[in-house]
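> Requesting a structural model of the entry that follows:
(chains A and B)
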Amino acid sequence: MARIELKNVKKSFGAVEVIKGVDLTIEKGEFMVFVGPSGCGKSTLLRLVSGLETITSGELSFDGQRMNDVLPSRRGIAMVFQSYALYPHMTVRENMEFGMKLAGSTREHLRARVDQAAGLLQIEHLLDRLPRQLSGGQRQRVAIGRAITRDPRVFLFDEPLSNLDAALRVTMRIEIAKLHHDMQDVTMIYVTHDQVEAMTLADRICVLRDGQVMQVGTPAELYEKPNSTFVAGFIGSPKMNLLEGALAAPHGAHTVGIRSEHLDVVADGDGEWSGPVVHSENLGSDNYIFVDVGSEEPVVARIGGEEHVRLGTRVGLRPQPGRMHRFDAGGQPLA
Amino acid sequence: MSSHPAAVQARAGISLQQQRARAAFWFLAPMLVMLAFVAAWPLLRSITLSFSNASADTIFNGNWDWAGWKNYVEARPRADGSIRWRGVLVDPKWWNAVWNTVRFSVMSVALETILGLLVALVLNAEFRGRALVRAAVLVPWAIPTIVSAKMWGWMLNDQYGIINDMLLQLHLIAQPIAWTARPDTAMIAVLIVDVWKTTPFMALLILAGLQMVPRDMYEAARLDGIHPMRVFWRVTLPLVRPAIMVAVIFRLLDALRIFDLIYVLTPRSEGTITMSVISFQNIREFGKYAEGSAQSSILFLIIAVFVVLYIWVGKVNLTGEGGR
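As a prediction, the model looks like this:
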């Protein structure tokens, strides 16, 4: 239930500046995802919002109220850690109750809140177990449940799914999306290095690099209108093909970008670029072929899952009209 | 291809399990031989002598005889028909030493555990120059006991000791106290030196345990606004308990057989003499090999019982609460 505003927020550890002036507004009830490569400062930024780290300069406010010097416990936040941070010697119920203030709430009230959160996450049957008796997914559910019992106005997730296996990650991703739907007025900030999580969960994504915001926008905006070669290459899977030099020159750009689904595979010599197929990845529904057109990395093009191209076959690639992204030497988009 | 199955066949007589057991045995053998020489043999010899009448005159020429349990307890009828009890088990001097040892062990280990935990908590916090402080804290532990006992002996001396001087100048005492000589203060002096010397050891062991507690857990507690004292009692302490248990058992074993500090700092004081010291005196100073050996054997038994008890109690608690 908070509108979060960051104004020129900076953070230094000693002489090293890790957050270099971030301006960002997160609306009430919004699901904001911080995404970026490791070391980009996304976790640090989250910790600045939580208060676990102090802000070196700039201002952080919730609903217009300055938060820089407010204790973490007074900010009305709850956080889910990558490692779950469950207390190993306490049962699930004790874990969830431990964080709740006893002040003003009776034991029954406390119990009721835990039961309610447990019901929401379907962990009622686990309440008397110890964390080590739970699977990874169950532990993560408990960690989320513990956060819910705090009834926060801001929900922070620090790479919550990174310790889970691929299948469980998908399940939990859906659960978190549902949670966001159920708690619509709670603002959520979610840190991940996985752009698929970012794309599927976010209302808006904030792409970070080297402690700076590269672009903020809805997943569709970032996908369709990346404002730099970095964002173009980071968002989307497989990543956007980026071609430089002579391959880009005919379009009057330093770099051109084209997504794999915007390339039509045509006969050798017919398209704009051509070369031999050097690799293919068939995912069943789609088949991605890697074509060596003379660029640094092979160009990836999507074809149907039933279509097959023999390795070594020469093919032509034709960009679909209006789908090409053009960038200048500084990586900025050209009009 | 044909040579492979043959090579496999050659070892088929021994299962993998047996091969492993064999390898393990050979790795352990040097240690077992060593232990047999330095631990098992002296122990057996000591127990043997405790059932003999060996003395300084007979121990080396082998002219000693078996004495049964006489060294432990013996009933001797007097001429008037009454019975006179003899032996270590009815010797008030021995029981005084037992009482001193237990008193010393319990008090020193308790103090060292509490202080060690406090020091460990401080050293676990992040501050400038932490590495230096960590190293400095270990200095008392690194000094040989004989040296620190002598050093403290001087410091505690009633005539030219610095401690009496300081206490006098602060007007806390009216006249110098002979700390190590007075029966009522000798134990205090011993405890001070032992705590000073051994707290770093406890601190280091507990610190290792503290560093195993994930930082996330403290951060989660911080976000929840839980009072640091509550975090300490409910989170830190339960999680470092295994480390504390290990530290306490190590210290307890050491304390129960304490010898050097007391022998040097408070020689011949009835107030501090321990089981090790009294047995040593009997053997080396009075030549009573049989009686000294009996005392050593009892000391061994007592320590063994303590260890078994402690491990048993620790195990029960650990499984009860889950531990790690």
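> partners of B:Ile83 in the sheet?
Legend: beta-bridge partners of B:Ile83 under DSSP bridges are B:Pro77.
> and it, how many neighbours?
By the criterion of other Cβ atoms under 10 Å in any protein chain shown, B:Ile83 has 9 neighbours. Just so you know, the C-beta spots here come from the backbone N, C-alpha and C atoms, and that holds for glycine as well.
> any idea how far chain A is from it?
According to Cβ to the nearest Cβ, to the nearest Å, B:Ile83 and chain A sit 57 Å apart.
> Show the pLDDT at that residue.
The pLDDT attached to B:Ile83 in the predicted structure is 85.
> And B:His227, by the same measure?
Reading off the confidence values, B:His227 has pLDDT 89.
> where's the nearest residue in space to A:Trp273 that is not next to it in sequence relative to A:Val300, distance?
Spatial nearest neighbour of A:Trp273, excluding adjacent residues (Cβ to Cβ, 6 or more residues apart in numbering or on different chains): A:Val293 at 4.1 Å. Taking Cβ to Cβ, to the nearest Å as the measure, A:Val293 falls 11 Å from A:Val300.
> got it, and A:Leu263?
Taken as Cβ to Cβ, the spacing of A:Leu263 relative to A:Val300 amounts to 8 Å.
> Give me the more crowded residue out of the two.
The residue with the greater number of neighbours, taking A:Leu263 and A:Val300 and applying other Cβ under 10 Å, is A:Leu263; the counts read 25 against 22.
> Next up, identify which helix or strand the closest residue to chain A within the stretch 101-250 of chain B is on.
Taking Cβ to the nearest Cβ as the measure, the point where the stretch 101-250 of chain B comes nearest chain A is B:Gly225, at 2.5 Å. When secondary structure is defined using DSSP states H and E, no element contains B:Gly225, which sits outside every helix and strand.
> likewise the one 5 residues further on?
Assigned by DSSP H and E, B:Arg230 belongs to helix B:228-231.
> Distance from the chain centre to that helix, please.
From the chain centre to the centre of helix B:228-231 is a distance of 32 Å (Cα atoms, centre = their mean, to the nearest Å).
> give me the number of residues near the nearest residue to A:Cys40 once chain neighbours are set aside?
Excluding its sequence neighbours, the residue lying closest to A:Cys40 (Cβ to Cβ, 6+ apart) is A:Leu208, at 4.4 Å. Other residues near A:Leu208 come to 26 when the count uses other Cβ under 10 Å.
> A:Leu208 against A:Val35, yeah?
Yes. The pair A:Leu208 and A:Val35 passes the contact test of Cβ atoms under 8 Å, sitting 7.1 Å apart.
> What strand or helix carries the residue of the stretch 151-300 of chain A at minimum distance from chain B?
When distances are taken as Cβ to the nearest Cβ, the stretch 151-300 of chain A approaches chain B most closely through A:Leu156, which lies 8.7 Å from it. Per DSSP H and E, A:Leu156 falls inside strand A:154-158.
> what's near enough to touch the residue of the stretch 151-300 of chain A closest to chain B?
Going by Cβ atoms under 8 Å, 6 or more residues apart in numbering or on different chains, A:Leu156 touches A:46, A:49-50, A:77-80, A:188-191.
> Could you chop chain A up by domain?
Under automatic domain parsing, the residue ranges defining each domain of chain A are A:4-233, A:239-327.
> Which one, of those, ends up nearest to B:Leu172?
Closest to B:Leu172 of the domains of chain A, according to Cβ to Cβ: domain A:4-233, at 42.9 Å.
> Pull up the distance across the closest one, start to finish.
In terms of Cα to Cα, to the nearest Å, the two terminal residues of domain A:4-233 are separated by 28 Å.
> got it, and stretch B:226-237?
With Cα to Cα as the measure, the ends of stretch B:226-237 fall 15 Å from one another.
> Okay, the one residue in the stretch 51-200 of chain A that gets nearest to chain B and B:Arg230: tell me how far apart.
Scanning the stretch 51-200 of chain A for the residue nearest chain B gives A:Ser73, at 2.5 Å (criterion: Cβ to the nearest Cβ). A:Ser73 sits 13 Å away from B:Arg230, going by Cβ to Cβ.
> So for the chain, the centremost residue is which one?
In the absence of a named chain, chain A is used. Against the mean C-alpha coordinate of chain A, by Cα atoms, centre = their mean, the closest residue is A:Ala198 at 3.0 Å.
> nope, chain B please
Among the residues of chain B, B:Asp254 comes closest to the average C-alpha position under Cα atoms, centre = their mean, at 1.2 Å.
> Show the contacting residues for A:Glu94.
A:Tyr87.
> pLDDT score assigned to it?
Model confidence at A:Glu94, expressed as pLDDT, equals 90.
> Let me see the domain layout of chain B.
Per automatic domain parsing, the domain ranges recorded for chain B read B:3-46, B:51-90, B:93-321.
> Name the stretch among those domains that sits most buried.
Mean neighbour counts were compared across these using mean count of other Cβ atoms under 10 Å in any protein chain shown; the top stretch is domain B:93-321, at a mean of 17.
> Residue 221 is in what secondary structure piece?
Since you didn't name a chain, this refers to chain A. helix A:219-224.
> meant chain B actually
Assigned by DSSP H and E, B:Ala221 falls within helix B:215-223.
> quick one on the thing from earlier: the helix holding A:Glu221 packs against which elements?
helix A:195-201, strand A:204-209 (3 or more Cβ pairs under 8 Å, 6 or more residues apart in numbering or on different chains; DSSP states H and E).
> now with 7 Å?
Using 3 or more Cβ pairs under 7 Å, 6 or more residues apart in numbering or on different chains; DSSP states H and E as the contact criterion, the neighbours of helix A:219-224 among helices and strands are strand A:204-209.
> The strand it packs on: what's the following helix or strand?
Along the chain past strand A:204-209, the next helix or strand (assigned with DSSP H and E) turns out to be strand A:212-217.
> Please spell out which residues along that next one are buried.
By neighbour count on 16 or more other Cβ atoms under 10 Å in any protein chain shown, the buried set for strand A:212-217 is A:213-217.
> before we move on, back to that, and the gap between the residue nearest to the centre of chain B and chain A?
Applying Cβ to the nearest Cβ, the value for B:Asp254 to chain A is 29 Å.
> swap in B:Tyr263?
Computed with Cβ to the nearest Cβ, the distance linking B:Tyr263 and chain A is 43 Å.
> Double-check that residue against B:Val277; I have them as touching.
Yes. When contacts are counted by Cβ atoms under 7 Å, B:Tyr263 is listed as touching B:Val277 (5.6 Å).
> about what we covered before: my guess is the residue nearest to A:Trp273 contacts A:Ala301, does it?
No. Assessed by Cβ under 7 Å, A:Val293 is found out of contact with A:Ala301, at 10.1 Å.
> How about the residues of chain B by chain A?
Residues of chain B lying close to chain A (Cβ under 7 Å from any Cβ of the partner chain) are B:214, B:216-217, B:219-220, B:222-226, B:234-235, B:238-239, B:321-322, B:324.
> Overlap of the contact sets of A:Leu208 and A:Val35?
Residues within reach of A:Leu208 and of A:Val35 at once, by Cβ atoms under 7 Å, 6 or more residues apart in numbering or on different chains, are A:Lys42.
> okay, the domains of chain A in JSON lines with distance to B:Val190 next?
JSON lines is the format used below for the domains of chain A (distance: least, Cβ to Cβ, whole Å):
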{"stretch": "domain A:4-233", "distance to B:Val190": "37"}
{"stretch": "domain A:239-327", "distance to B:Val190": "72"}
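> quick revisit: for the strand holding A:Leu156, C-alpha coordinates in PDB please.
The C-alpha trace of strand A:154-158 is given here as PDB (Å, rounded to 0.1, in the frame of the first residue of the first chain):
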ATOM      1  CA  VAL A 154       5.800  -3.500   0.800                       C
ATOM      2  CA  PHE A 155       6.900  -7.100   0.000                       C
ATOM      3  CA  LEU A 156      10.500  -7.700  -1.000                       C
ATOM      4  CA  PHE A 157      11.800 -10.800  -2.700                       C
ATOM      5  CA  ASP A 158      15.500 -11.300  -3.100                       C
END
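> Does anything pack onto whichever helix or strand comes after it? Which helices or strands?
Using DSSP H and E, the next helix or strand after strand A:154-158 towards the C-terminus is helix A:166-182. Contacting helix A:166-182 under the criterion 3+ Cβ pairs under 7 Å, 6+ apart are the following elements: helix A:136-149, helix A:195-201.
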